Each structure stands twice: as structure tokens, then as C-alpha cells.
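S.K.: coords please:
(one chain, ligands or ions: 2)
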Amino acid sequence: MLTGPSGVGKGTLVRALRERHPELFLSVSATTRSPRPGEVEGEHYYFMTLEQFEALIQQKELLEYAQYVGNYYGTPRAAVLEKMDQGVDVLLEIEVEGARQVAHTFPEALRIFLLPPSEEELKNRLVGRGTDTAEAIERRLTRAKQEIRYAPEFTYRVVNGELEQALQAIEAILFPLMR
Ligand code: ADP
Ligand code: 5GP
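M.R.: Ligands and ions are numbered 1, 2, ... in the order given. Sure thing, here's the model as predicted:
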């Protein structure tokens, strides 16, 4: 499980990790958030209405879910369990509340919290990404400060300063026998 504040670089690191380790299965989450330009249905998220999301909750089809700055996000249960049954390593990129729920269900899951080098750099990255309005960035930064307080709950904490270094730190956690 990879968790960390918005803009810290989770998506970037997950992409790099999957290029190097294509055998990892990345769970595709459901969300009520609108797609950003370039985001593809079924690849980045399953985009849906609030009604559709609530139906998934009712039908107990989500392994975990949480609200995040005004939208719902959740992990479809079936795909994750299917991969686990096949012995495939599953990667979840989710926020703090969801990570707690998964830790409860799967206490053996590896939990990594990604930290920014500084709050200022986090803001720079969110602004630099260019996908969110100024208001959305402020809401995400407020949430980030709350989330970072939960970092000590996580087994592993990695600072995403220099990308390659962070990537290698994550690889060392996921694949301890590699080096
Ligand atoms: P998240 O998925 O955590 O919200 P992203 O992966 O979208 O974050 O990264 C946010 C922005 O920061 C992107 O523009 C990305 O290119 C940039 N970024 C990610 N990692 C680094 C890094 N180690 N150093 C500098 N910029 C980074
Ligand atoms: P974004 O809108 O930037 O794609 O995601 C916002 C936050 O929601 C990020 O912290 C991301 O990790 C988290 N998130 C994405 N998918 C899920 C999910 O399935 N469950 C939970 N709990 N959080 C998720």
C-alpha cells in the first residue's frame, strides 16, 4: 500500500515501479471525482456518479473506501482478491483512511507512507502539475497537513526528494531480496 499527500509523487512513483516490475498488479479505484485531462476510464480510475458509488458500497463490493476533499474513492474488492488468490502482488495507491481499513483486513500488508521533502515543495509540485484549481490545491494542502500527522502509523516512511532514490527505497521494501 502506498499512501501520502496529494502531489507528493505517488502516481509518478507507481508508474516507474510498474515499468520496472510489470508483474505487480495495480488496483484501479472507483471514484466520483471528474476525470482530469488525459485520464482514461478503467486505467486511472473507474469514474462514476455518486449513485453508482453508493451502490458499490451497498453491495459490499469495495474493500475499503473514503471521502477525500469532496469525493469518494474506493478499491473494488473482487479484482484484488482474485489477484491475491493467484499469488500476484497487489499495489494499492490510497489515502490514509482507506489504508487503515486495509491494514485491518490484511494486517500483513506492507504500508508505505510517502513524505514530501517540505511543505513548500509539496505545494510547488501541486501547482507544477497543473491539474487542479487554486481552490482545489488549497483543499489538498490542508488535507496533506492532516495526513502527514498519520505518517508514524506506517511501517515504512520514504521521503520523495530525488525520484530515483525514493524509487530504490520503495524497491528495497517491496523486494528485500533484490539487493
Ligand atoms: P500524487 O500522485 O501523489 O498526487 P504526482 O505523481 O501526480 O503526485 O506528482 C505531482 C507532481 O510532482 C507531478 O508534476 C510530478 O511530475 C512531480 N514529481 C513527482 N515526484 C517528483 C520528484 N521526486 N521530484 C520532483 N518532482 C516530482
Ligand atoms: P486524486 O484525486 O489525486 O487522484 O486522489 C486523491 C487521493 O485519493 C489520493 O491520496 C489517492 O491516493 C487517494 N485514492 C485513490 N484511490 C483510492 C481508493 O481506492 N481508496 C482510497 N481510500 N483512497 C484512494
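
S.K.: most centrally placed residue in this structure?
M.R.: residue 93 (2.2 Å; CA atoms, centre = their mean).

S.K.: hang on, it packs against residue 9?
M.R.: No. Using CB atoms under 8 Å, residue 93 is not in contact with residue 9, being 11.0 Å away. Where C-beta positions appear, they are placed from N, C-alpha and C, glycine not excepted.

S.K.: in the host helix or strand of residue 144, what's buried?
M.R.: Secondary structure assignment for residue 144, by DSSP states H and E: helix 134-148. The neighbour-count check on helix 134-148 (16 or more other CB atoms under 10 Å) flags 137, 140, 141, 143, 144, 147, 148 as buried.

S.K.: My read is that the first one contacts residue 125, right?
M.R.: No. Counting by CB under 8 Å, residue 137 sits too far from residue 125 to count as a contact (10.1 Å).

S.K.: Check whether stretch 123-132 comes near ligand 2.
M.R.: No. Judged by CB under 6 Å from any ligand atom, stretch 123-132 stays clear of ligand 2, getting no closer than 8.1 Å.

S.K.: Stretch 12-32 too?
M.R.: Yes. Counting by CB under 6 Å from any ligand atom, ligand 2 has neighbours in stretch 12-32: residue 29.

S.K.: mind checking how far that stretch is from the chain centre?
M.R.: 9 Å (CA atoms, centre = their mean, to the nearest Å).

S.K.: Take the buried residues of helix 134-148 and write them to a markdown table, including pLDDT and distance to residue 86.
M.R.: Below are the buried residues of helix 134-148 laid out as a markdown table (pLDDT from 0 to 100; distance: CB to CB, whole Å):
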| residue | pLDDT | distance to residue 86 |
| --- | --- | --- |
| 137 | 96 | 39 |
| 140 | 96 | 35 |
| 141 | 97 | 39 |
| 143 | 96 | 35 |
| 144 | 97 | 35 |
| 147 | 96 | 32 |
| 148 | 96 | 35 |
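
S.K.: now for those, which pair is the farthest apart?
M.R.: Distance extremes for the buried residues of helix 134-148: the farthest pair is 137 and 148 at 16.1 Å, using CB to CB.

S.K.: What residue in the chain comes nearest to ligand 2?
M.R.: Relative to ligand 2, the nearest point of the chain is residue 98 (2.2 Å; CB to the nearest ligand atom).
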